[in-house]
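[1] Based on what follows, work out the 3D shape:
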Amino acid sequence: MKSIYVAGPMTGYPEFNFPAFFRAQERLEADGWKVWNPAKKDEEDGVSNGAGWSDGDDQALVGSGWDFRAAFKWDVTKVIEADAIFVLRGFESSSGALAELAVARAIQARYPDYEIIYE
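    Predicted structure coming up:
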């Protein structure tokens, strides 16, 4: 089974845009993908209903002790390990999603079968 990482904007979105990530996961799983969803990982790590949740305030979240570096390391690792990346709308204004896309493009330059799929 091929795997895919979901990239997209979180900061500044209510609930860190988790609903969009989970909708993408459902659709991709229905299409037969194994999905790496950073929203699911963050949810497991206690982001839901934590600091900054209502308005997507990442500074409040980091200020509460959440480790962005560890989360981002997981994200980039999954981009590298996956067979594809699925990029949600609004990625252009997200430094994290742009960085993940840059990693995906670097992988694709060496492995042309790596897919970059835009929502």
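
[2] list the contacts for Leu61?
    By C-beta atoms under 8 Å, 6 or more residues apart in numbering, the contact list for Leu61 reads 47, 50-53, 68. All C-beta atoms are positioned from the backbone trio N, CA, C, and that covers glycine.

[3] One more pass at 10 Å, please.
    Applying C-beta atoms under 10 Å, 6 or more residues apart in numbering to Leu61 gives the contacts 10-11, 16, 42, 46-47, 50-53, 67-68, 71.

[4] got it, and Ala70?
    Asp45.

[5] What helix or strand is it located in?
    helix 68-81 (DSSP states H and E).

[6] Downstream of that helix, the next helix or strand is which one?
    Later in the chain than helix 68-81, the nearest helix or strand by DSSP H and E is strand 84-87.

[7] Tell me the strands beside that following strand, with direction?
    strand 3-7 (parallel), strand 115-118 (parallel) (DSSP bridges).

[8] Give the buried residues for the helix or strand where Arg23 lies.
    Using DSSP H and E, Arg23 sits in helix 18-30. Using 16 or more other C-beta atoms under 10 Å as the test for burial, helix 18-30 gives 18, 20-22, 24-25, 28.

[9] And for stretch 31-48?
    Buried residues in stretch 31-48, counting neighbours by 16+ other C-beta under 10 Å, are found at 33, 35-39, 42-43, 47.

[10] neighbours around Ala97, how many?
    Residues lying near Ala97 (other C-beta atoms under 10 Å) number 23.

[11] Could you double-check that it lies in contact with Phe91?
    Yes: the criterion here is C-beta atoms under 10 Å, and Ala97 meets it with Phe91 at 4.0 Å.

[12] Does Asn17 touch Leu88 like I think?
    Yes: Asn17 is within contact range of Leu88, at 7.6 Å (criterion: C-beta under 10 Å).
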